[in-house]
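[1] With the input below, show me the fold.
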Amino acid sequence: MSVIQRSVALIALAAIVLAACGGAQTPPPATTNDTAPTTAPAAGESVTLNLWVFEGEEGFLDTLKEEFEKQNPNIVLEITEIPEDQYVTKIDTALAANDPPDIGFVYGGQQRWLKAGKFLPIDEMLAQNNIQPAEFNQNAMSLYCSYEGKYYCIGSYTGAVLLFYNKDLFDAAGIAYPSATEPMTFEEYADLARRLSNTSDNLEERIWGGSAGVTWWFADWATLYSADGRTAEGYVNDAATVRTYQLMADLVTEGAAPSDSDMQMLGDVDLLSQQKQAMAITDNFAIANMEAAGLRFGAAPPPVEERGDAPFIITWTDAFGVFSDSKDPQEAMKFLAFLATDGNRLRTEFDTMPLNMRLADELGWDAKNEGRAEAVQAISLARSVIFVPGFYEITGGPLGDAYNAIIEGMPAQEALDEAASLIQEDLDKAWVTWDQIR
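    Take a look at the predicted model:
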């Protein structure tokens with residue numbers, strides 16, 4: 001899974017997965033495999049494992065292949081790179097033909113593949129190799145890899161959405177830094193953004209205090225859906241969410257956060273690393289840009305709707321699993337064990353945070369500067385999500401439309417009431433589809 005491509009993963013995921021899954025409402029029948037077959041290749045026999053991945057990470061993948069084959073001289077790792085927006089369709093087609101690769105991603109929360117038995121559980125492999133799932137980022141593990149008490153995949157890196165900020169701009173304004181562990185409310189965030197802004201008509205002098213937009217892609221899913229994941233109405237459009245979306249829209253109209261037209265005028269620029277923005281809610285791959293710019297930065301959990309709400313950090317990873325129809329499942333499990341151990345270590349050589357949080361601390365990934373240390377503190381707070389089938393497909397579109405309507409002047413309550421109705425309709429359908437998977 002490309003680290004570069006993950007920078008817009010959670011927003012893009014909705015459109016990508018919706019388009020990719022268009023003809024796959026009812027997955028193929030489940031296989032009966034629940035564990036890897038006991039028959040293994042003869043000693044010394046050469047095995048070729050097929051691994052399907054996204055385009056865009058040749059450096060890491062080349063190193064991963066080289067090191068894995070060095071440790072396993074009888075295994076050849078064949079890597080096929082597929083455009084990310086075609087990945088789900090390619091996998092569904094291969095599954096329908098009972099001819100998937102040995103190893104692939106549980107992509108975009110496609111837990112329907114897990115329910116349908118298309119991936120093998122990896123719990124036995126984890127136990128045999130003394131790999132502790134609790135050491136890995138729990139949000140990413142729950143979102144991709146766990147289903148009904150079993151694990152089906154493992155990853156090598158941690159992507160996360162955090163609140164990053166420019167410490168020099170905070171110092172100049174005489175404002176205390178945000179906590180790395182205690183989230184502020186959206187009201188507090190909006191107040192800081194206004195205080196940190198310079199709304200000069202001269203673009204050279206302008207500083208945006210924060211970023212603003214739809215919040216669903218980093219908010220706690222429990223603020224949008226009921227605990228059983230079956231109800232959106234009354235959650236998507238409750239008073240706290242209405243207030244939050246109005247606050248975000250107000251920051252744009254007041255000039256305290258850049259608008260779409262601002263960004264179109266400025267082009268593809270990183271305002272935070274260019275010191276044109278005091279705060280931004282964005283992914284942790286922004287760290288590389290801030291460090292390259294010599295920025296003194298800090299990190300904090302994203303804001304929450306209500307005072308006392310627990311921090312929520314959405315995370316993701318390259319969630320590799322072994323397909324049930326793998327021709328060499330035991331050898332494929334060796335690759336997953338390698339990925340969970342040496343693969344996580346290799347990530348740090350590419351200056352990327354591993355999925356194993358204990359390893360990130362042990363290898364000193366956070367020792368380079370205060371910003372990294374604060375990012376690790378915040379990311380360590382990540383926790384499991386509730387289950388909502390088709391979350392990305394059904395959530396993003398209606399809430400994005402509602403937010404744009406609010407900016408254009410529609411009352412936030414009216415806009416979110418409409419969104420809640422649309423989301424509930426699609427949610428009901430998603431549950432029907434989910435319940436039919438066997």
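
[2] Does Leu49 fall in a helix, a strand, or a coil region?
    strand (DSSP: H, G, I helix; E, B strand; the rest coil).

[3] Kindly report the same for Val53.
    strand.

[4] isn't it right next to Pro83, touching?
    No. Assessed by C-beta atoms under 8 Å, Val53 is found out of contact with Pro83, at 11.0 Å. Bear in mind the C-beta positions are built from the backbone N, C-alpha and C, glycine included.

[5] Look at these two and report which has more neighbours.
    Val53 (23 against 11; other C-beta atoms under 10 Å).

[6] Report pLDDT for that one.
    With respect to pLDDT, Val53 scores 92.

[7] what's across from the most centrally placed residue in the chain in the sheet?
    The centroid of the chain falls nearest to Trp316 when counting by C-alpha atoms, centre = their mean (3.3 Å). For Trp316, the beta-bridge partners under DSSP bridges are Gly159.

[8] Wait, Gly343 touches Ser156, no?
    Yes. Assessed by C-beta under 8 Å, Gly343 is found in contact with Ser156 at 4.4 Å.

[9] Need the overlap of contacts for these two.
    Residues touching both Gly343 and Ser156 by C-beta atoms under 8 Å, 6 or more residues apart in numbering: Leu64.

[10] For Gly343, see how far away Leu49 is.
    Counting by C-beta to C-beta, to the nearest Å, the gap from Leu49 to Gly343 is 14 Å.

[11] Now do the SS call for Thr282.
    Applying three-state DSSP: Thr282 is strand.

[12] For it, which non-adjacent residue is closest in space?
    Phe164 (6.3 Å; C-beta to C-beta, 6 or more residues apart in numbering).

[13] by contact count, what packs against the host helix or strand of the one you found?
    Taking DSSP states H and E as the criterion, Phe164 maps to strand 159-166. Counting contacts by 3 or more C-beta pairs under 8 Å, 6 or more residues apart in numbering; DSSP states H and E, strand 159-166 is packed against strand 279-283, helix 286-292, strand 297-300, strand 315-316, helix 370-379.

[14] Report the distance from that strand to the chain centre.
    Between the centre of strand 159-166 and the centre of its chain there are 13 Å (C-alpha atoms, centre = their mean, to the nearest Å).

[15] between that strand and strand 279-283, how many degrees?
    Strand 159-166 and strand 279-283 meet at an angle of 160 degrees, taking axes from the mean of the first three to the mean of the last three C-alpha atoms, to 10 degrees as the criterion.

[16] tell me the mean pLDDT for the next helix or strand after strand 159-166?
    As assigned by DSSP H and E, the chain's next helix or strand after strand 159-166 is helix 167-173. For helix 167-173, the mean pLDDT works out to 97.

[17] Next, the buried residues of helix 167-173.
    Leu169, Phe170 (16 or more other C-beta atoms under 10 Å).

[18] Check which helices and strands that helix sits against.
    helix 186-196, strand 297-300.

[19] Adjacent strands (with direction) for the last one?
    Going back to what we said before, that points to strand 297-300. strand 159-166 (antiparallel).

[20] how about the helix ranked longest in the chain: buried residues?
    Longest helix of the chain, by residue count under DSSP state H: helix 412-436. By 16+ other C-beta under 10 Å, the buried positions in helix 412-436 come out as 412-413, 415-416, 418-420, 422-424, 426-427, 430-431, 433-434.

[21] Kindly report the same for stretch 246-266.
    Neighbour-count burial for stretch 246-266 [16+ other C-beta under 10 Å]: Gln246, Leu247, Met248, Ala249, Asp250, Leu251, Val252, Gly255, Ala256, Ala257, Pro258, Ser259.

[22] what's the pLDDT at Leu266?
    So Leu266 comes in at 78 (pLDDT).

[23] now do the same end-to-end measure for stretch 131-151.
    12 Å (C-alpha to C-alpha, to the nearest Å).

[24] Can you give me the buried ones in that stretch?
    Buried, per 16+ other C-beta under 10 Å, within stretch 131-151: 131, 133, 135-147, 151.

[25] and which of those residues is nearest Leu77?
    Ile131 (19.6 Å; C-beta to C-beta).

[26] pretty sure the residue nearest to Thr282 is touching Leu271, no?
    No. Assessed by C-beta under 8 Å, Phe164 is found out of contact with Leu271, at 11.2 Å.

[27] The closest residue to Asn50 other than its chain neighbours in helix, strand or coil?
    The shortest distance from Asn50 to any non-neighbouring residue, by C-beta to C-beta, 6+ apart, is to Pro101 (3.9 Å). In three-state terms, and counting by three-state DSSP, Pro101 is coil.

[28] burial count for Pro101?
    23.

[29] Against Glu81, how distant is it?
    From Pro101 to Glu81 the distance is 12 Å (C-beta to C-beta).

[30] just Trp221 next, same as before
    Applying C-beta to C-beta to Trp221 and Glu81 gives a distance of 31 Å.

[31] Neighbour count: those two, which is higher?
    Trp221 (20 against 15).

[32] which residues does Glu119 bridge with?
    Actually, residue 119 is Phe. It isn't Glu. Phe323.

[33] That one and Asp325 touch, don't they?
    No. The criterion here is C-beta under 8 Å, and Phe119 misses it with Asp325 at 10.0 Å.

[34] So Val76: helix, strand or coil?
    Classified using three-state DSSP, Val76 is strand.

[35] what's around the closest residue to it other than its chain neighbours, how many residues?
    Spatial nearest neighbour of Val76, excluding adjacent residues (C-beta to C-beta, 6+ apart): Thr48 at 4.6 Å. Other residues within reach of Thr48 by the criterion other C-beta under 10 Å amount to 12.

[36] Ok, Glu187 next?
    Glu187: 15 neighbours (other C-beta under 10 Å).

[37] mind checking pLDDT for it?
    98.

[38] surely it meets Gln246?
    No. Using C-beta under 8 Å, Glu187 makes no contact with Gln246, being 10.8 Å away.

[39] And the helices in the stretch 1-150 of the chain, which stretches?
    9-20, 58-71, 87-96, 111-115, 123-128, 138-140 (DSSP state H, counting those that start in this stretch).

[40] Identify, out of the ones you listed, the most deeply packed stretch.
    helix 138-140 (a mean of 23; mean count of other C-beta atoms under 10 Å).

[41] what's that helix in contact with?
    So helix 138-140 is contacted by 155, 158-159, 313-317, 319, 355, 382-385 (C-beta under 8 Å, 6+ apart).

[42] just the residues you listed now: which is nearest Ala172?
    Looking across those and measuring by C-beta to C-beta, the closest to Ala172 is Ile313, at 28.2 Å.

[43] what's the burial count for that closest one?
    Residues near Ile313, counting by other C-beta under 10 Å: 24.
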